[in-house]
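[1] Sharing a model prediction with you, sequence too.
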Amino acid sequence: MRKCNGRVQKAATLVAAASIVILVSPGAAAASFNCANASNFIERQICADESLSALDDEMAQLYKNALLRSSNSGAIKLAQRAWLKEIRSKCADSRCLAAVYTARIEDLSQHRPTIPGVTTAPPVRASSAAPQSSAAAVPAPAFSPVARLSSVAAAQFNTPKFQVSIDSYRIVRDFGGQLFQASDKAGAVYVVVRYRYMNTTKQPMNSLFSTPTVSLKDGEGVVYVENRNATFTYKIANNIDSNNADSINPRITIADVAVFEVSDELFNPKTWQVAFNADTEVEVNIRSLPKH
(Lines give C-alpha, C1' and ligand atoms only; values in the text may rest on other atoms or scores of the structure.)
Protein backbone atom coordinates (compact mmCIF):
# COMPACT_ATOMS: atom_id res chain seq x y z
CA MET A 1 0.00 0.00 0.00
CA ARG A 2 2.83 2.40 0.75
CA LYS A 3 4.36 1.78 -2.67
CA CYS A 4 0.98 2.28 -4.30
CA ASN A 5 0.43 5.52 -2.38
CA GLY A 6 3.92 6.62 -3.36
CA ARG A 7 3.16 6.01 -7.02
CA VAL A 8 -0.12 7.87 -6.72
CA GLN A 9 1.56 10.78 -4.98
CA LYS A 10 4.31 10.87 -7.60
CA ALA A 11 1.74 10.77 -10.41
CA ALA A 12 -0.22 13.59 -8.79
CA THR A 13 2.96 15.63 -8.54
CA LEU A 14 3.71 15.08 -12.24
CA VAL A 15 0.16 16.07 -13.22
CA ALA A 16 0.39 19.23 -11.10
CA ALA A 17 3.73 20.11 -12.67
CA ALA A 18 2.32 19.54 -16.15
CA SER A 19 -0.62 21.78 -15.31
CA ILE A 20 1.73 24.57 -14.28
CA VAL A 21 3.61 24.22 -17.57
CA ILE A 22 0.33 24.39 -19.50
CA LEU A 23 -0.79 27.47 -17.60
CA VAL A 24 2.47 29.30 -18.09
CA SER A 25 3.18 28.22 -21.67
CA PRO A 26 1.30 31.07 -23.41
CA GLY A 27 4.05 33.36 -22.12
CA ALA A 28 6.35 31.98 -24.80
CA ALA A 29 4.32 33.94 -27.36
CA ALA A 30 3.97 37.15 -25.32
CA ALA A 31 7.34 38.64 -26.15
CA SER A 32 6.90 42.13 -24.70
CA PHE A 33 6.85 40.84 -21.12
CA ASN A 34 7.45 37.68 -19.10
CA CYS A 35 4.20 35.84 -18.37
CA ALA A 36 5.75 34.33 -15.27
CA ASN A 37 5.70 37.86 -13.87
CA ALA A 38 2.22 38.82 -15.11
CA SER A 39 0.88 41.01 -12.33
CA ASN A 40 -2.31 42.63 -13.60
CA PHE A 41 -5.56 41.84 -15.39
CA ILE A 42 -4.36 42.83 -18.87
CA GLU A 43 -1.14 40.84 -18.71
CA ARG A 44 -2.99 37.78 -17.44
CA GLN A 45 -5.55 38.10 -20.25
CA ILE A 46 -2.76 38.20 -22.84
CA CYS A 47 -0.95 35.23 -21.33
CA ALA A 48 -4.17 33.17 -21.21
CA ASP A 49 -5.24 33.90 -24.80
CA GLU A 50 -3.19 32.50 -27.70
CA SER A 51 -4.49 35.05 -30.21
CA LEU A 52 -3.67 37.96 -27.89
CA SER A 53 -0.24 36.47 -27.20
CA ALA A 54 0.38 36.27 -30.94
CA LEU A 55 -0.66 39.92 -31.35
CA ASP A 56 1.60 40.92 -28.47
CA ASP A 57 4.48 39.00 -30.03
CA GLU A 58 3.93 40.69 -33.40
CA MET A 59 3.63 44.13 -31.81
CA ALA A 60 6.83 43.61 -29.79
CA GLN A 61 8.79 42.60 -32.88
CA LEU A 62 7.50 45.57 -34.89
CA TYR A 63 8.38 47.87 -31.99
CA LYS A 64 11.97 46.56 -31.97
CA ASN A 65 12.20 46.96 -35.75
CA ALA A 66 10.84 50.51 -35.56
CA LEU A 67 13.48 51.42 -32.97
CA LEU A 68 16.23 50.08 -35.25
CA ARG A 69 14.94 51.88 -38.36
CA SER A 70 13.97 55.20 -36.82
CA SER A 71 16.26 58.20 -36.69
CA ASN A 72 14.29 59.34 -33.62
CA SER A 73 14.01 56.29 -31.37
CA GLY A 74 13.08 58.55 -28.45
CA ALA A 75 9.79 59.40 -30.15
CA ILE A 76 9.05 55.71 -30.73
CA LYS A 77 9.76 54.88 -27.08
CA LEU A 78 7.64 57.78 -25.84
CA ALA A 79 4.73 56.74 -28.06
CA GLN A 80 4.97 53.12 -26.91
CA ARG A 81 4.99 54.05 -23.22
CA ALA A 82 2.07 56.37 -23.79
CA TRP A 83 0.15 53.66 -25.68
CA LEU A 84 0.59 51.24 -22.77
CA LYS A 85 -0.49 53.88 -20.25
CA GLU A 86 -3.28 55.70 -22.09
CA ILE A 87 -4.71 53.10 -24.49
CA ARG A 88 -4.01 49.48 -23.52
CA SER A 89 -4.52 50.08 -19.81
CA LYS A 90 -8.12 51.20 -20.45
CA CYS A 91 -9.23 47.82 -21.84
CA ALA A 92 -11.55 45.69 -19.72
CA ASP A 93 -11.80 42.58 -21.93
CA SER A 94 -9.99 40.60 -24.63
CA ARG A 95 -12.04 42.07 -27.50
CA CYS A 96 -10.84 45.56 -26.61
CA LEU A 97 -7.26 44.31 -26.28
CA ALA A 98 -7.42 42.68 -29.72
CA ALA A 99 -8.68 45.93 -31.21
CA VAL A 100 -6.04 48.18 -29.66
CA TYR A 101 -3.24 45.72 -30.48
CA THR A 102 -4.38 45.50 -34.11
CA ALA A 103 -4.39 49.29 -34.40
CA ARG A 104 -0.99 49.60 -32.72
CA ILE A 105 0.48 46.95 -35.04
CA GLU A 106 -0.78 48.91 -38.04
CA ASP A 107 0.79 52.06 -36.62
CA LEU A 108 4.15 50.41 -35.93
CA SER A 109 4.14 48.79 -39.36
CA GLN A 110 4.42 52.30 -40.77
CA HIS A 111 6.47 53.27 -37.70
CA ARG A 112 4.60 56.51 -37.07
CA PRO A 113 5.26 57.95 -33.56
CA THR A 114 1.53 58.27 -32.91
CA ILE A 115 -1.08 56.53 -30.78
CA PRO A 116 -3.76 54.51 -32.58
CA GLY A 117 -7.20 56.10 -32.48
CA VAL A 118 -9.16 53.28 -30.91
CA THR A 119 -12.41 53.94 -29.11
CA THR A 120 -13.35 51.68 -26.19
CA ALA A 121 -16.33 53.69 -25.05
CA PRO A 122 -19.95 52.47 -24.99
CA PRO A 123 -21.50 51.77 -28.41
CA VAL A 124 -23.32 54.61 -30.18
CA ARG A 125 -26.58 54.74 -32.06
CA ALA A 126 -25.97 54.18 -35.78
CA SER A 127 -25.89 57.46 -37.70
CA SER A 128 -24.21 58.72 -40.83
CA ALA A 129 -23.32 61.88 -38.90
CA ALA A 130 -21.54 60.05 -36.09
CA PRO A 131 -17.75 59.58 -36.30
CA GLN A 132 -16.63 56.04 -37.02
CA SER A 133 -14.31 54.16 -34.67
CA SER A 134 -11.55 51.91 -35.99
CA ALA A 135 -12.53 49.19 -33.51
CA ALA A 136 -15.68 47.53 -32.28
CA ALA A 137 -17.13 49.21 -29.23
CA VAL A 138 -17.03 47.52 -25.87
CA PRO A 139 -20.46 46.73 -24.38
CA ALA A 140 -21.63 49.48 -22.07
CA PRO A 141 -22.69 48.98 -18.45
CA ALA A 142 -26.29 49.64 -17.56
CA PHE A 143 -26.97 53.19 -16.41
CA SER A 144 -29.84 54.63 -14.43
CA PRO A 145 -32.32 57.04 -16.07
CA VAL A 146 -30.89 60.31 -17.40
CA ALA A 147 -31.06 63.52 -15.38
CA ARG A 148 -30.89 66.68 -17.53
CA LEU A 149 -29.19 69.80 -16.17
CA SER A 150 -29.12 73.14 -17.94
CA SER A 151 -27.64 76.00 -15.89
CA VAL A 152 -24.01 76.98 -15.25
CA ALA A 153 -24.40 76.15 -11.55
CA ALA A 154 -25.75 72.72 -12.48
CA ALA A 155 -22.47 71.83 -14.21
CA GLN A 156 -21.40 70.81 -10.71
CA PHE A 157 -23.49 67.90 -9.46
CA ASN A 158 -23.46 64.69 -7.45
CA THR A 159 -24.28 61.14 -8.47
CA PRO A 160 -24.64 58.33 -5.90
CA LYS A 161 -20.87 57.67 -6.04
CA PHE A 162 -19.25 60.77 -7.55
CA GLN A 163 -18.99 64.50 -7.14
CA VAL A 164 -18.63 65.92 -10.65
CA SER A 165 -17.76 69.20 -12.33
CA ILE A 166 -18.00 69.72 -16.09
CA ASP A 167 -15.69 72.74 -16.17
CA SER A 168 -15.57 74.04 -19.73
CA TYR A 169 -15.43 73.30 -23.44
CA ARG A 170 -13.30 74.55 -26.31
CA ILE A 171 -13.42 74.29 -30.10
CA VAL A 172 -10.05 73.74 -31.82
CA ARG A 173 -8.97 72.86 -35.34
CA ASP A 174 -5.46 71.51 -34.77
CA PHE A 175 -2.99 70.97 -31.97
CA GLY A 176 0.14 69.02 -31.13
CA GLY A 177 3.83 69.30 -31.94
CA GLN A 178 6.36 67.65 -34.20
CA LEU A 179 5.98 64.27 -32.55
CA PHE A 180 2.23 64.27 -31.97
CA GLN A 181 -0.02 65.84 -34.58
CA ALA A 182 -3.78 66.12 -34.80
CA SER A 183 -5.32 68.24 -37.53
CA ASP A 184 -8.94 68.29 -38.51
CA LYS A 185 -10.32 66.53 -41.54
CA ALA A 186 -12.27 68.54 -44.10
CA GLY A 187 -15.39 69.90 -42.41
CA ALA A 188 -14.42 68.67 -38.93
CA VAL A 189 -13.54 70.39 -35.67
CA TYR A 190 -12.42 69.14 -32.27
CA VAL A 191 -14.51 69.81 -29.18
CA VAL A 192 -12.40 69.66 -26.00
CA VAL A 193 -14.26 69.07 -22.72
CA ARG A 194 -12.54 69.50 -19.34
CA TYR A 195 -14.08 67.82 -16.29
CA ARG A 196 -13.32 66.68 -12.74
CA TYR A 197 -14.70 63.94 -10.53
CA MET A 198 -14.23 62.59 -7.01
CA ASN A 199 -15.15 59.22 -5.53
CA THR A 200 -17.45 60.15 -2.62
CA THR A 201 -17.80 56.62 -1.26
CA LYS A 202 -15.59 55.13 1.43
CA GLN A 203 -14.21 52.37 -0.80
CA PRO A 204 -11.64 52.44 -3.64
CA MET A 205 -13.08 51.63 -7.08
CA ASN A 206 -11.44 49.50 -9.76
CA SER A 207 -10.42 51.99 -12.44
CA LEU A 208 -10.84 49.42 -15.23
CA PHE A 209 -14.57 49.24 -14.65
CA SER A 210 -15.51 52.39 -12.72
CA THR A 211 -13.68 55.28 -14.38
CA PRO A 212 -16.26 57.83 -15.54
CA THR A 213 -16.41 58.82 -19.20
CA VAL A 214 -17.98 61.68 -21.11
CA SER A 215 -19.65 61.74 -24.51
CA LEU A 216 -21.42 64.31 -26.65
CA LYS A 217 -25.05 64.23 -27.78
CA ASP A 218 -26.53 66.32 -30.54
CA GLY A 219 -30.00 67.86 -30.47
CA GLU A 220 -31.53 64.62 -31.78
CA GLY A 221 -29.85 62.41 -29.19
CA VAL A 222 -27.14 60.95 -31.47
CA VAL A 223 -24.11 60.01 -29.34
CA TYR A 224 -20.52 60.93 -30.25
CA VAL A 225 -17.83 58.99 -28.41
CA GLU A 226 -14.42 60.31 -27.46
CA ASN A 227 -11.62 60.23 -30.04
CA ARG A 228 -8.92 58.67 -27.86
CA ASN A 229 -6.14 59.45 -30.32
CA ALA A 230 -7.06 63.14 -30.30
CA THR A 231 -7.46 63.12 -26.51
CA PHE A 232 -4.02 61.61 -26.04
CA THR A 233 -2.45 64.12 -28.44
CA TYR A 234 -4.14 67.03 -26.69
CA LYS A 235 -2.90 65.82 -23.29
CA ILE A 236 0.67 65.55 -24.56
CA ALA A 237 0.54 68.99 -26.20
CA ASN A 238 -0.89 70.62 -23.05
CA ASN A 239 0.99 68.63 -20.37
CA ILE A 240 -2.19 67.16 -18.91
CA ASP A 241 -1.94 64.02 -16.79
CA SER A 242 -5.07 62.11 -15.81
CA ASN A 243 -5.73 59.17 -13.52
CA ASN A 244 -3.85 56.00 -14.51
CA ALA A 245 -3.87 54.27 -11.14
CA ASP A 246 -5.40 50.84 -10.66
CA SER A 247 -8.06 52.28 -8.38
CA ILE A 248 -10.05 55.47 -7.87
CA ASN A 249 -9.49 56.19 -4.21
CA PRO A 250 -12.04 58.03 -2.04
CA ARG A 251 -12.04 61.81 -1.64
CA ILE A 252 -9.37 62.50 -4.29
CA THR A 253 -10.33 64.90 -7.09
CA ILE A 254 -9.22 63.75 -10.55
CA ALA A 255 -9.06 66.21 -13.46
CA ASP A 256 -9.45 64.89 -17.00
CA VAL A 257 -10.14 65.96 -20.57
CA ALA A 258 -11.93 64.37 -23.53
CA VAL A 259 -11.68 65.37 -27.20
CA PHE A 260 -14.36 64.74 -29.82
CA GLU A 261 -14.16 65.04 -33.59
CA VAL A 262 -17.44 66.42 -34.94
CA SER A 263 -18.83 68.14 -38.01
CA ASP A 264 -18.27 71.91 -37.98
CA GLU A 265 -21.57 72.28 -39.79
CA LEU A 266 -23.58 70.10 -37.40
CA PHE A 267 -22.06 71.11 -34.06
CA ASN A 268 -24.28 73.59 -32.24
CA PRO A 269 -23.48 74.40 -28.59
CA LYS A 270 -27.02 75.73 -28.17
CA THR A 271 -28.56 72.27 -28.67
CA TRP A 272 -25.77 69.77 -27.89
CA GLN A 273 -25.06 68.22 -24.47
CA VAL A 274 -22.12 66.73 -22.60
CA ALA A 275 -23.14 63.39 -21.08
CA PHE A 276 -21.29 62.23 -17.94
CA ASN A 277 -21.40 58.42 -17.71
CA ALA A 278 -20.60 56.58 -14.49
CA ASP A 279 -22.93 55.02 -11.89
CA THR A 280 -25.59 57.18 -13.53
CA GLU A 281 -25.74 59.36 -16.66
CA VAL A 282 -26.14 63.11 -16.41
CA GLU A 283 -26.50 65.46 -19.38
CA VAL A 284 -25.34 69.06 -19.22
CA ASN A 285 -26.21 71.55 -21.96
CA ILE A 286 -23.04 72.83 -23.59
CA ARG A 287 -24.47 76.33 -23.76
CA SER A 288 -24.34 76.41 -19.94
CA LEU A 289 -20.57 75.78 -19.88
CA PRO A 290 -17.87 78.46 -20.07
CA LYS A 291 -15.38 78.31 -22.93
CA HIS A 292 -11.69 77.91 -22.09
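    Perfect, I can see it now. Numbering: from 1, shown residues only.

[2] Span of stretch 39-57 from start to end?
    18 Å (CA to CA, to the nearest Å).

[3] Give me the buried positions along that stretch.
    Residues of stretch 39-57 classed as buried by neighbour count (16 or more other CB atoms under 10 Å): 41-43, 45-49, 52-57. Every C-beta, even on glycine, is put in place using the N, C-alpha and C of the backbone.

[4] Can I take it that K185 is in a helix?
    No: secondary structure assignment (DSSP: H, G, I helix; E, B strand; the rest coil) places K185 in coil, not in a helix.

[5] Tell me where this structure has strands.
    Counting by DSSP state E, the chain has strands at residues 147-149, 156-158, 162-172, 174-176, 181-183, 188-199, 205-206, 213-217, 223-224, 247-248, 253-263, 273-277, 281-285.

[6] Let's have those strands in a markdown table, adding distance to R69.
    As requested, those are exported to a markdown table (distance: least, CB to CB, whole Å):
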| stretch | distance to R69 |
| --- | --- |
| strand 147-149 | 51 |
| strand 156-158 | 50 |
| strand 162-172 | 33 |
| strand 174-176 | 23 |
| strand 181-183 | 20 |
| strand 188-199 | 31 |
| strand 205-206 | 39 |
| strand 213-217 | 36 |
| strand 223-224 | 37 |
| strand 247-248 | 39 |
| strand 253-263 | 30 |
| strand 273-277 | 41 |
| strand 281-285 | 46 |
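
[7] which stretch in those has the least confidence?
    When these are ranked by mean pLDDT, strand 147-149 comes last with a mean of 48.

[8] got the residue ranges for the helices in the protein?
    Here the chain has its helices, by DSSP state H, at 2-24, 41-48, 50-69, 73-82, 94-109, 207-210, 228-238.

[9] Identify whichever of these lies nearest to S168.
    Of all the helices of the chain, helix 228-238 sits nearest to S168, with 13.2 Å by CB to CB.

[10] tell me the angle the closest one makes with helix 94-109.
    Between helix 228-238 and helix 94-109, the angle comes out at 60 degrees (axes from the mean of the first three to the mean of the last three CA atoms, to 10 degrees).

[11] my guess is T213 meets V274, correct?
    No: here T213 lies out of contact with V274, judged by CB atoms under 8 Å, at a distance of 11.0 Å.

[12] Looking at the two, which is more packed in?
    For T213 versus V274, the count of surrounding residues by other CB atoms under 10 Å is larger for V274: 24 against 18.

[13] For that one, give me its contacts.
    The contact partners of V274, by CB atoms under 8 Å, 6 or more residues apart in numbering, come to I166, Y169, V193, Y195, V214, S215, L216, E283, V284, I286, L289.

[14] what sits against the fourth one?
    Looking back up the chat, that one is Y195. V164, S165, I166, D167, V214, A255, D256, V257, A258, V274, F276 are the contacts of Y195 under CB under 8 Å, 6+ apart.

[15] Pick out the most distant pair among those.
    Pairwise over these, using CB to CB, the maximum falls at A255 and V274, 15.3 Å.

[16] Next, count neighbours for the nearest residue to N268 once chain neighbours are set aside.
    Nearest residue to N268 in three dimensions, chain neighbours excluded: G219, at 6.8 Å (CB to CB, 6 or more residues apart in numbering). By the criterion of other CB under 10 Å, G219 has 11 neighbours.

[17] Find me the pLDDT at G219, would you?
    90.

[18] what's around G187, how many residues?
    10.

[19] ok, it touching V262?
    No: G187 is beyond contact range of V262, at 9.8 Å (criterion: CB under 8 Å).

[20] Spit out the residues that contact these two alike.
    By CB under 8 Å, 6+ apart, no residue touches both G187 and V262.

[21] so where's the chain uncertain?
    1-31, 110-154, 175-184, 208-209, 242-246 (pLDDT under 70).

[22] Excluding chain neighbours, what is closest to S51?
    Using CB to CB, 6+ apart, the closest residue to S51 is A98 (6.9 Å).

[23] Distance of the one you found relative to D56?
    Per CB to CB, to the nearest Å, A98 is found 10 Å from D56.

[24] Greatest separation within the contacts of V274: which pair is it?
    The widest separation within those (CB to CB) is 14.7 Å, between S215 and L289.

[25] Can you tell me the closest non-neighbouring residue to L67?
    L67 sits nearest to S73 (CB to CB, 6+ apart), 4.9 Å away.

[26] Isn't the one you found up against N65?
    No: with contact defined as CB under 8 Å, S73 does not reach N65; the gap is 11.5 Å.

[27] picking up where we left off before, closest one to N206 out of the contacts of Y195, please.
    Nearest to N206 out of the contacts of Y195 is D256 (CB to CB; 17.0 Å).
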